[in-house]
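*Asks:* Generate a structure from the sequence data that follows.
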Amino acid sequence: MVLVEPAGPLNVGSIARLCANFEVAELRLVAPRCDHLGEEARRMAVHGAWVLEQARLFPSLSAALADCHRVVATSGRRAGEPLPLLTPEPALHWLAQGPPSPRALVFGREDRGLSNDELLQAGRLLTLGSGEAYSSLNLSHAAALVLHTWHGLGAQLGMPEPTLPDPGAREALEAMLGDAEALLLDVGFLYPHTAHARMAKLRALLQRAQISAEEVALVRGMVRQLRWATERGTGQRGNKPGQTP
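*Replies:* Here you go, the predicted structure:
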């Protein structure tokens, strides 16, 4: 469970209790804006106070997700999301597929949720079917609904999905995208004032495709070879330092 910049200690404590209730292995807090070890949080956590004590803190969402292969992020918006919105069951079923590996469920800020850039770090987006008149849910209430659904899916969550490889770790994907953006800026395909928007489209495409670790390594190798060739002013295919054209 990953909470991005939580501001309410009561919410954090309540979610720690939910993690204990529904056997969530770890709570990660991204730049929390409250004292997660304070009296209010502990009071709400009750017997889940150990979750608060073992919670890990991170400076950014990308750092919190670096080792995760599958990520589901929550969104309460009705339009404008960079990826399609799913109801809890299909989103959580996808989250549990594939071989055992770190995976995360991400909740945004109480006042404004997650930004588009943060949503693009997830492979699936989850939304809860609340009413149109007032669609915003309290953070801990939303977490309770999602974790109850996760726990209730039971044996279905463990079914393997052999036709789809497990997505690569977020850290490797972000490193590959960073290499690609730098190269595309250098060769003039991207311009500084539009690079962010165009790379967001590429990131969304790769998230929909659920690029695997092997595919990430392949693309990064291609980018590095292109970088080597452009820096030496040669387009000779396959030539590397120490090789004869």
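
*Asks:* for the longest helix seen in the chain, packing partners?
*Replies:* Looking across the chain with DSSP state H, the single longest helix is helix 213-231. Secondary-structure packing of helix 213-231 (3 or more CB pairs under 8 Å, 6 or more residues apart in numbering; DSSP states H and E): helix 170-186. C-beta coordinates here come from the backbone N, C-alpha and C atoms, glycine included.

*Asks:* One more pass at 10 Å, please.
*Replies:* Judged by 3 or more CB pairs under 10 Å, 6 or more residues apart in numbering; DSSP states H and E, helix 213-231 is in contact with helix 170-186, helix 195-209.

*Asks:* highest average neighbour count across those helices?
*Replies:* Mean neighbour count (mean count of other CB atoms under 10 Å) peaks for helix 170-186 among the helices and strands packed on helix 213-231, with a mean of 18.

*Asks:* Check which helices and strands the lowest-mean-pLDDT helix or strand in the chain sits against.
*Replies:* Among the helical and strand segments of the chain, the one scoring lowest on mean pLDDT, DSSP states H and E is helix 195-209, with a mean of 83. Judged by 3+ CB pairs under 10 Å, 6+ apart, helix 195-209 is in contact with helix 116-119, strand 124-126, helix 170-186, helix 213-231.

*Asks:* Among the ones you listed, which comes closest to residue 91?
*Replies:* Closest to residue 91 of the helices and strands packed on helix 195-209, according to CB to CB: strand 124-126, at 4.0 Å.

*Asks:* in the closest one, what counts as buried?
*Replies:* Across strand 124-126, burial judged by 16 or more other CB atoms under 10 Å covers 124, 125, 126.

*Asks:* Direction included, what does that strand pair against?
*Replies:* Strand pairing for strand 124-126, determined by DSSP bridges: strand 70-74 (parallel), strand 85-86 (parallel).

*Asks:* Low-confidence bits of this protein, can you list those?
*Replies:* 77-82, 131-135, 154-166, 234-245 (pLDDT under 70).
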